[in-house]
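Chemist: Fold the following and give me the result.
(one chain, ligands or ions: 1)
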Amino acid sequence: MKSLGNIRRSFAPWTDPSAKPYISFKNVTKKFGDFTAVDDLSLNIYNREFFALLGASGCGKSTLLRMLAGFEQPTTGEIVLDGQNLAGTPPYRRPVNMMFQSYALFPHMSVEKNIAFGLRQDGMAKNEIADRVTQMLKLVKLEQFARRKPNQLSGGQRQRVALARSLAKRPKVLLLDEPLGALDKKLREETQFELMDLQQNLGLTFVVVTHDQEEAMTMADRIAVMSHGKVVQVATPAEIYEAPNCRFVADFIGDVNILDGNVISAQSGIVEISVDSGFTVRTASGGAPAEGSRASLAIRPEKLRVTPRPPANASLNAAEGEIWDIGYLGDMTVFHVKLKSGQVVKASSLNAVRVVEEPFTYDQNVWVSFDENAGVLLKD
Ligand code: ATP
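Modeler: All right, here's what the predicted structure looks like:
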């Protein structure tokens, strides 16, 4: 049997120009009065994809999900699922189910009755319902809790009941709105892996809304980063992290240092920039900005080296500063280094060996340096 990681690595239908998307948002706009919640948005999602919509509160991600579920109608544009335009199809006729942020369990019903609810409404035969509920309880490992009421369960168990209930009708697409929001950190992490296993084993398409970037990075095949009703970038977690297409995405996902400056030269994919912080940067991240134009290089903290002495070539990709702050996080340490210009940059290093004393102290003079391919040139 292949590991989940192996299956996911080889799954990339979006790179195949002949692959047909399963869900398409085509120029979808949603207005509430004068306010535009979703703005001329186009997006493709593929069958069996674990897709995450990520963005700050109010950016329109839930509205997008609700339109797919059929609880809201687009003002303009269309949503196509498996070749069918969904306009006019009511929520209960869509092969889509939604798991809500609040779980919305019925408090007076037992776990099994909660799971059976939708099936009963559909008029499924009693013995079939019983079979399906047993199957679902097994799937979410809640067999012993069938008779309990929601208030007799932990947050994590309630979350699983909600999941079982939304999967009971065997939707082709499961929409999850902040599915793990009510769980504590440890349980969240465990449940993320359970959700990924479940999605893989059932062969479903999951679209999850979250504002938690780590959650999106862990679970999703691809992430759409949203801002003000628009998709800013759609890519795999690694691409989003390593090659953000703009300042907004670089800043939104993970920690980043941004060095702004003027382009000195750009030749054969090598760009040199005189950064405002008073040193020269050379990057091999591609692009061909015009000489003299403004440019910004984004560098992740783990790609900066902090050393007590200047590196071999201190005239490129290196700056002097002093240790301004030290954050010991257990698995790694984050150093804030104040450069001579006053700009504070963040550098992180993994604590691979057990350290009792940090290698640097506050106010110590240090050098920060990085490789040519450590950063990425931002488009805006
Ligand atoms: P959150 O993470 O806080 O749930 P979100 O990205 O999911 O945020 P949406 O719920 O999609 O955001 O809302 C997008 C914007 O549309 C918000 O500014 C919200 O106030 C507005 N909005 C949503 N529903 C309505 C409505 N029924 N009437 C008016 N405005 C609405």
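Chemist: so what's the residue in the stretch 201-350 of the chain that the ligand sits nearest to up against?
Modeler: Closest to the ligand within the stretch 201-350 of the chain is His211: 5.1 Å, counting by Cβ to the nearest ligand atom. The C-beta positions use only the backbone N, C-alpha and C, and glycine is treated the same way. Residues near His211 by Cβ atoms under 8 Å, 6 or more residues apart in numbering: Leu54, Gly55, Ala56, Ser57, Lys61, Glu178.
Chemist: mind checking how far the fifth one is from Ala216?
Modeler: When distance is defined by Cβ to Cβ, to the nearest Å, Lys61 is 11 Å away from Ala216.
Chemist: How about the residues of this structure by the ligand?
Modeler: Counting by Cβ under 6 Å from any ligand atom, the positions of the chain adjacent to the ligand are Phe32, Phe35, Ala37, Gly55, Ser57, Gly58, Cys59, Gly60, Lys61, Ser62, Thr63, His211.
Chemist: Grab the most central residue of the chain for me.
Modeler: Centroid-nearest residue in the chain, with Cα atoms, centre = their mean: Ala216, separated by 2.8 Å.
Chemist: That one reaches Phe51, doesn't it?
Modeler: No. Ala216 is beyond contact range of Phe51, at 9.6 Å (criterion: Cβ atoms under 8 Å).
Chemist: Mutual contacts of these two, please.
Modeler: Jointly contacting Ala216 and Phe51 under the rule Cβ under 8 Å, 6+ apart are Val208, Ile223.
Chemist: Just the pLDDT at Val376, thanks.
Modeler: pLDDT for Val376: 93.
Chemist: typo on my end, Phe50
Modeler: On the pLDDT scale, Phe50 gets 95.
Chemist: Would you confirm that it contacts Met196?
Modeler: Yes. The pair Phe50 / Met196 is scored as a contact, 6.7 Å apart, by Cβ under 8 Å.
Chemist: More neighbours: which of those two?
Modeler: A side-by-side neighbour count of Phe50 and Met196, using other Cβ atoms under 10 Å, places Phe50 first with 23 against 19.
Chemist: need the contact list for that one.
Modeler: Phe50 makes contacts with Met196, Gln199, Thr205, Phe206, Val208, Met219, Ala220, Asp221, as judged by Cβ under 8 Å, 6+ apart.
Chemist: 7 Å instead?
Modeler: By Cβ atoms under 7 Å, 6 or more residues apart in numbering, the residues touching Phe50 are Met196, Gln199, Phe206, Met219, Ala220, Asp221.
Chemist: Of those residues, which belong to helices?
Modeler: Members of these lying in helices (criterion: DSSP state H): Met196, Gln199, Met219.
Chemist: can I assume the second one is in contact with Thr205?
Modeler: Pointing back at Gln199 there. No. If you go by Cβ atoms under 7 Å, Gln199 and Thr205 don't touch, sitting 8.2 Å apart.
Chemist: Do a quick rundown of the helices in the protein.
Modeler: 4-9, 61-69, 111-121, 126-139, 155-168, 185-202, 213-219, 237-242, 247-252.
Chemist: Would you indicate which residues of the third one are buried?
Modeler: Within helix 111-121, the residues scored as buried using 16 or more other Cβ atoms under 10 Å are Val111, Glu112, Lys113, Asn114, Ile115, Ala116, Phe117, Gly118, Leu119.
Chemist: ok, now which ones touch the fifth one?
Modeler: Okay, so that is Ile115. Residues near Ile115 by Cβ under 7 Å, 6+ apart: Val133, Met136, Val161, Ala164, Arg165, Ala168.
Chemist: Going by the annotation, which residue ranges form each domain of the chain?
Modeler: According to automatic domain parsing, the chain comprises the domains 13-95+171-250, 255-378.
Chemist: any idea which of the ones you listed is most buried?
Modeler: domain 13-95+171-250 (a mean of 18; mean count of other Cβ atoms under 10 Å).
Chemist: What distance do you get for Met316 to Leu180?
Modeler: Careful, residue 316 is Leu; it's not Met. According to Cβ to Cβ, Leu316 stands 44 Å off from Leu180.
Chemist: now the stretch 151-300 of the chain, which segments are flagged as low pLDDT?
Modeler: The stretch 151-300 of the chain contains residues with pLDDT under 70 at 182.
Chemist: mind running it again at 50?
Modeler: Across the stretch 151-300 of the chain, nothing is flagged by pLDDT under 50.
Chemist: Please tell me I have it right and Arg165 contacts Asn114.
Modeler: Yes. The criterion here is Cβ under 7 Å, and Arg165 meets it with Asn114 at 5.5 Å.
Chemist: Kindly confirm whether my reading is correct that Glu215 touches Thr191.
Modeler: No. Between Glu215 and Thr191 there is no contact under Cβ under 7 Å: 9.8 Å.
Chemist: Can you work out which residues contact both of the two?
Modeler: Leu180.
Chemist: got the contact list for Ala52?
Modeler: If you count contacts by Cβ under 7 Å, 6+ apart, Ala52 has them with Val208, Thr210, Ala216, Met219, Ala220, Ile223.
Chemist: hmm, 6 Å instead?
Modeler: By Cβ atoms under 6 Å, 6 or more residues apart in numbering, the contact list for Ala52 reads Val208, Ala216, Ala220, Ile223.
Chemist: cool, and Asp260?
Modeler: Asp260 is in contact with Asp276, Ser296, counting by Cβ under 6 Å, 6+ apart.
Chemist: quick one: it and Asp325, what's the gap?
Modeler: For Asp260 relative to Asp325 (Cβ to Cβ), the value is 22 Å.
Chemist: got the CA coordinates for stretch 232-239 in CSV?
Modeler: C-alpha atoms of stretch 232-239 as CSV (Å, rounded to 0.1, in the frame of the first residue of the first chain):
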residue,chain,number,x,y,z
VAL,A,232,-4.5,36.4,-5.1
GLN,A,233,-2.7,33.1,-5.7
VAL,A,234,-3.6,29.5,-6.2
ALA,A,235,-0.8,27.0,-5.8
THR,A,236,0.5,24.1,-3.8
PRO,A,237,1.5,24.8,-0.2
ALA,A,238,5.2,24.6,-1.1
GLU,A,239,4.8,27.0,-4.1
